[in-house]
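Novice: the following comprises the amino acid sequence and a computationally predicted model.
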Amino acid sequence: MSENQPNTPALRASDADRDRTIDVLRGAVADGRLFPAEFDERVEAALAARTHEALAALTADLGVAPVAAGAGRAVAVPAAGVVEKLTIREKHGVVRRDGRWVLPHRLVVRTAWSGVTLDLTKAVPSGPELIVELRVRGGGVEVILAPGMSVDANELAARFAGVDIARDQEDATPETLRIRLTGRIKHGGVAVRWQAQAPRTS
């Protein structure tokens, strides 16, 4: 029998595999094995990783077992491992966050006369709830949600500002993330809309 075996192709990683690796990285931040800046760099690399080999390299120096393909949640991540707060600051400019990005527990938006777009349709939640704290003067804030996300704006104070939260149609998608809008907005507007679902094929 020949010893010349063909190279085994690299096993492709799924979104769930990438999410589990990010959970491991959060745990490493919580117990002091990773600095926040290193965490941010490795999360970006995890989101871009295409294979399990690439994901394993991100946790190889952390003393944890590599995330196995199709495995369940690799570690129990304590609450302290969640990215607690991310602050967006802008003045007389434009801010857009979209694509696949890791959500904190609390997202603080401090802007003046700026346009802000928060596209959460492909974002990775850190928990069942996201608090969006607005400190906005002038300009507009647009929030784009995926089916299954819900919004509570009862804690948002608007002065000389409009708040538009409307759905074209209800859907039966189970709730995946609850967004709480808090804080205040003055001389501006907040618009929340849901991404349209792809039509079903028979």
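Specialist: Yep, that arrived.
Novice: give the contact list for residue 36.
Specialist: residue 29 (C-beta atoms under 8 Å, 6 or more residues apart in numbering). For every residue, glycine as well, the C-beta is placed using N, CA and C.
Novice: I should have written residue 139 there, sorry.
Specialist: 111-116, 188.
Novice: now do 10 Å
Specialist: 90-95, 111-116, 161, 185, 187-189 (C-beta atoms under 10 Å, 6 or more residues apart in numbering).
Novice: which ChimeraX command selects the buried ones in the residues you listed?
Specialist: Typed into ChimeraX, the line below selects the buried ones among those, using 16 or more other C-beta atoms under 10 Å:
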select :90,95,111,112,114,115,116,161,185,188,189
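Novice: looking at the contacts of residue 139, which are in helices?
Specialist: Using DSSP state H, no member of the contacts of residue 139 falls in helices.
Novice: how is the protein divided into domains?
Specialist: Per automatic domain parsing, the domain ranges recorded for the chain read 15-80, 82-194.
Novice: could those domains be laid out in CSV, adding mean pLDDT?
Specialist: Listed next are the domains of the chain as CSV, based on pLDDT from 0 to 100:
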stretch, mean pLDDT
domain 15-80, 74
domain 82-194, 90
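Novice: excluding sequence neighbours, find me the nearest residue to residue 122.
Specialist: residue 100 (4.8 Å; C-beta to C-beta, 6 or more residues apart in numbering).
Novice: which SSE is that neighbour in?
Specialist: Following DSSP states H and E, there is no helix or strand that holds residue 100.
Novice: show the backbone phi and psi for it.
Specialist: Residue 100 adopts backbone torsions of phi -90, psi 100, taken as degrees, to the nearest 10.
Novice: thought it was touching residue 49?
Specialist: No - at 11.5 Å, residue 100 does not count as touching residue 49 under the criterion of C-beta atoms under 10 Å.
Novice: for residue 85, grab the count of nearby residues.
Specialist: For residue 85, the count of nearby residues is 12 (other C-beta atoms under 10 Å).
Novice: which residues touch it?
Specialist: By C-beta under 10 Å, 6+ apart, the neighbours of residue 85 are 104-108, 131, 133.
Novice: what of residue 152?
Specialist: Per C-beta under 10 Å, 6+ apart, neighbours of residue 152: 129, 131, 165, 178-182.
Novice: regarding this structure, what is its longest helix?
Specialist: Longest helix of the chain, by residue count under DSSP H: helix 15-30.
Novice: the helix or strand following that helix to helix 15-30, inter-axis angle?
Specialist: Per DSSP H and E, the first helix or strand lying C-terminal to helix 15-30 is helix 36-48. Angle between the axes of helix 36-48 and helix 15-30 is 170 degrees (criterion: axes from the mean of the first three to the mean of the last three C-alpha atoms, to 10 degrees).
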